[in-house]
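[1] have a look at this fold, sequence not included:
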């Protein structure tokens, strides 16, 4: 069965975040048709397994999310000259392209039982577009694989990402009571923002005020809410000193102007860094050589299920499915990109025989 068949079926099932039940039903049905073992079906998604045909190959997993960004309109699929787009709504190739390719890989391997591969596990997650909630909820203890690939990075098929940025959100509330202070909370907030410009953030770190709003009660007292974001390709512990410096600016201003400052911060998604010696990278490069494709590493900002899996101890490389202009009415993907991604993940599945020994040998020479 062609990957385009799976892709078209998936796109025709409208599945914005929190509304994935129907698309999960479809995926579960297709898995059962192909005798894949269903390990998990929950609000976090589906985890399925194909048993190894040769234990000399490593256990690996593939991941894609089945929820899509949406403008509130169901996509109307359009295909012209091998290019998919939507006449209304967002297409949803992010990330139904990855999900379709995973189904096609299962179909291909089940139709060729003599193909040699290790245990293959497939994670179809939900709610990725609203903070990777599905990946956070899934019971990953059922997995045999300790590394794998998330099919959800921008860029051309064949490119991959080994680094992910750490992203933090900081929420501050300035509460001014005219019984204590006659300085406006708005003016305190302006003073804080001016002082933040003096913080020496690294050039590689993104820092910006995302939200600034205020209210006044019937007595004239003011409350101002400020939300900031910090993001960088560095571990959390290296970002923490800058977070503390930002908090210090706020709290010192609270003391100076006799206003109450409330502050909290949380990590939206953690960063990760995968070394060239990791099994996931060695196997990926074996597959690329098998296809005679160049190894092209890229780096994009933003979070993904890979951020969550890496934090949870499962090394996860990001692979690009080839979609363009995600989260917009201009989103599109070509049939050739879908077919190429199937080629790549099939090559990954069929590569890596005696991977442990190959890595040990290369370390010693």
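    Nice, thanks for sending it over. Source: prediction; values computed, not measured. Numbering: from 1, shown residues only.

[2] contacts and neighbour counts: CA atoms only from here.
    OK.

[3] pLDDT score for residue 219?
    Confidence per residue is given as pLDDT, and for residue 219 that number is 74.

[4] what about it, which SS state?
    For residue 219, the assignment made with DSSP: H, G, I helix; E, B strand; the rest coil gives coil.

[5] quick check: the gap between it and residue 176.
    As judged by Cα to Cα, to the nearest Å, residue 219 and residue 176 stand 11 Å apart.

[6] can you tell me which helix in the protein is longest?
    In the chain, taking DSSP state H as the definition, the longest helix is helix 236-257.

[7] elements contacting that one?
    Applying 3 or more Cα pairs under 8 Å, 6 or more residues apart in numbering; DSSP states H and E, one finds that helix 236-257 contacts strand 166-176, helix 185-196, strand 260-269.

[8] list the strands paired with the last one, with their directions.
    Counting by DSSP bridges, the strands paired with strand 260-269 are strand 166-176 (antiparallel).

[9] ok so, going back, give me the more crowded residue out of residue 219 and residue 176.
    When residue 219 and residue 176 are compared on other Cα atoms under 10 Å, the one with more neighbours turns out to be residue 176, at 26 against 9.

[10] next, the contact list for that one, please.
    For residue 176, the contacting residues are 183-185, 221-223, 258-260, taking Cα atoms under 8 Å, 6 or more residues apart in numbering as the criterion.

[11] just give me the closest of those residues to residue 305.
    Within the contacts of residue 176, distances to residue 305 taken as Cα to Cα reach their minimum at residue 223, with 36.0 Å.

[12] show the pLDDT at the closest one.
    Confidence at residue 223, expressed as pLDDT, is 94.

[13] now swap in the one 3 residues further on and tell me
    Per-residue pLDDT puts residue 226 at 97.

[14] give me the neighbour count for it.
    The number of residues packed near residue 226 is 18, by other Cα under 10 Å.

[15] distance of the closest residue to residue 264 other than its chain neighbours from residue 210?
    Taking Cα to Cα, 6 or more residues apart in numbering, and ignoring the residues beside it in sequence, residue 264 has residue 171 as its nearest neighbour in space, at 5.4 Å. When Cα to Cα is the yardstick, residue 171 and residue 210 sit 10 Å from each other.

[16] identify the contacts common to those two.
    Here residue 171 and residue 210 share the contacting residues 226-228, scored by Cα under 8 Å, 6+ apart.

[17] which one among these gets closest to residue 307?
    Of all the shared contacts of residue 171 and residue 210, the one sitting nearest residue 307 is residue 228; the distance, using Cα to Cα, is 20.6 Å.

[18] is it true that the closest one touches residue 171?
    Yes. Under the criterion of Cα atoms under 8 Å, residue 228 makes contact with residue 171 at 6.5 Å.

[19] that older thread, deepest-packed of the helices and strands packed on helix 236-257, please.
    Relative to the other members of those, strand 166-176 carries the highest mean neighbour count by mean count of other Cα atoms under 10 Å, namely a mean of 22.

[20] quick one: mean pLDDT for that strand?
    What strand 166-176 shows for mean pLDDT is 96.

[21] please name the nearest non-neighbouring residue to residue 14.
    Of all residues beyond its chain neighbours, the one nearest residue 14 is residue 74 (5.8 Å), with distances taken as Cα to Cα, 6+ apart.

[22] give the buried residues for stretch 50-62.
    Applying a neighbour-count criterion of 16 or more other Cα atoms under 10 Å, the buried positions in stretch 50-62 are 50, 52, 57-62.

[23] name the SS class of residue 61, please.
    strand.

[24] most neighbours among the contacts of residue 176, please name it.
    Neighbour counts for the contacts of residue 176 were taken using other Cα under 10 Å; the highest belongs to residue 185, with 28 neighbours.

[25] so how far is residue 261 from that one?
    Note on residue 185: its distance to residue 261, by Cα to Cα, is 10 Å.

[26] what's the overlap in contacts for the two?
    174-175.

[27] ok, and the closest non-adjacent residue to residue 228?
    The shortest distance from residue 228 to any residue that is not its chain neighbour, by Cα to Cα, 6+ apart, is 4.4 Å, and that residue is residue 209.

[28] ok, residues contacting stretch 104-119?
    Stretch 104-119 is contacted by residues 1-3, 6, 34, 36, 49-60, 144-145, 342, 345-346, 349-351 when judged by Cα under 8 Å, 6+ apart.

[29] in space, what's closest to residue 336 - neighbours in sequence excluded?
    What sits nearest to residue 336 in space, not counting adjacent residues and going by Cα to Cα, 6+ apart, is residue 82, at 7.4 Å.

[30] what is the subsequent helix or strand relative to the helix or strand hosting residue 96?
    Under the assignment given by DSSP states H and E, the secondary-structure element containing residue 96 is helix 93-110. Under the assignment DSSP H and E, the closest C-terminal helix or strand after helix 93-110 is strand 120-125.

[31] tell me the strands beside that following strand, with direction?
    Under the rule (DSSP bridges), strand 120-125 has strand 45-50 (antiparallel), strand 60-65 (parallel) as partners.

[32] quick one: average confidence on whichever helix or strand comes after it?
    Tracing the chain past strand 120-125, the next element assigned as helix or strand by DSSP H and E is helix 133-137. Taken as a whole, helix 133-137 has a mean pLDDT of 97.

[33] after helix 133-137, which helix or strand is next?
    Per DSSP H and E, helix 133-137 leads on to strand 147-151 as the next helix or strand towards the C-terminus.

[34] so in that sheet, which strands flank that next one, and in what orientation?
    The strands beside strand 147-151 in its sheet (DSSP bridges) come out as strand 60-65 (parallel), strand 315-319 (parallel).

[35] so what touches the first one?
    The one in question is strand 60-65. By Cα under 8 Å, 6+ apart, the list of residues contacting strand 60-65 from outside reads 95-96, 98-99, 102, 118-128, 144-152, 305, 349.
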